[in-house]
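Enquirer: Quick one, fold the following:
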Amino acid sequence: MLSGAGDGDVGLRCEDPPELLRARRDLVAPGPWRYARQCHGDGVVVLGPAEPCQGREADALVSSLPGAPLAVFSADCALIGLASPEGVVGAVHAGWRGLLAGVIERAATAMSALGASHPVAVVGPLIGPECYEFGAAELAALRARYGDTVVAETASGHPALDLRAGVHRALEAAGAELALDSGLCTACDPGFFSWRARGERARQCLVVTAA
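Expert: Numbers count the residues shown, from 1 in each chain. Reported below is the predicted structural model:
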């Protein structure tokens with residue numbers, strides 16, 4: 001399940017009353033949700049089917065089914081949902097730092113340890129290269145890890161990161177099959193929150209639920 005700006009702020013910094021936030025989240029996917037306090041790193045929390053998680057520091061959650069939904073939040077970073085035929089699921093938040101640190105690959109490895117044989121991935125909206133001007137040193141580091149496909153230009157011709165291309169390469173390296181990518185840019189599309197384009201503190205989410 002994926003939310004957008006029309007669903008309201010569902011993130012951890014939401015200042016609405018808790019009961020309103022819970023109701024808003026339940027409209028996206030019935031809760032209670034399990035989620036991490038995202039820190040733009042490579043941390044993965046592995047959860048038992050009934051184990052709660054509401055704020056441990058990490059950027060990916062992995063669990064076997066059945067269990068409460070796994071949620072990750074963003075306003076430009078990549079949100080990735082993973083699932084395997086064996087009922088192992090994962091939810092990953094990956095900005096450029098997490099991508100470079102290998103959070104996607106680490107989540108897939110954690111799923112494999114739980115018995116996942118063939119993870120399938122979906123990728124939500126994220127900031128596109130046309131809107132993502134990027135520093136030379138950081139871009140060089142990502143290029144060294146994921147190849148030339150991550151190097152792009154903004155609409156005005158400045159060096160840019162193609163975060164989506166990096167996510168695709170990381171999924172390939174992790175042995176995950178890409179089933180769906182929205183192809184949408186959070187900065188271009190007002191239907192999604194964007195910190196970089198509009199300074200929005202609100203967050204959309206991707207929620208992985210039990211089959």
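
Enquirer: can you give me how far stretch 184-198 is from the chain middle?
Expert: Centroid separation for stretch 184-198 versus its chain: 15 Å, with CA atoms, centre = their mean, to the nearest Å.

Enquirer: Going by residue numbers, what spans are strands in this structure?
Expert: Assigned by DSSP state E, the strands in the chain fall at 34-37, 44-47, 54-57, 60-64, 70-74, 78-83, 88-94, 120-123, 151-153, 159-161, 177-181, 204-208.

Enquirer: Given the third one, what are its sheet partners and their directions?
Expert: For strand 54-57, the pairing partners within the sheet under DSSP bridges are strand 34-37 (parallel).

Enquirer: before we move on, back to that, can you say which of the strands of the chain is nearest to Asp9?
Expert: strand 204-208 (8.5 Å; CB to CB). Using the backbone N, CA and C atoms, a C-beta is placed for each residue, glycine as well.

Enquirer: who does the closest one touch, helix- and strand-wise?
Expert: Judged by 3 or more CB pairs under 8 Å, 6 or more residues apart in numbering; DSSP states H and E, the packing partners of strand 204-208 are helix 18-28, strand 70-74, strand 78-83, strand 88-94.

Enquirer: which one of these lies closest to Glu130?
Expert: Evaluated with CB to CB, the helices and strands packed on strand 204-208 place strand 78-83 nearest to Glu130, the distance being 15.8 Å.
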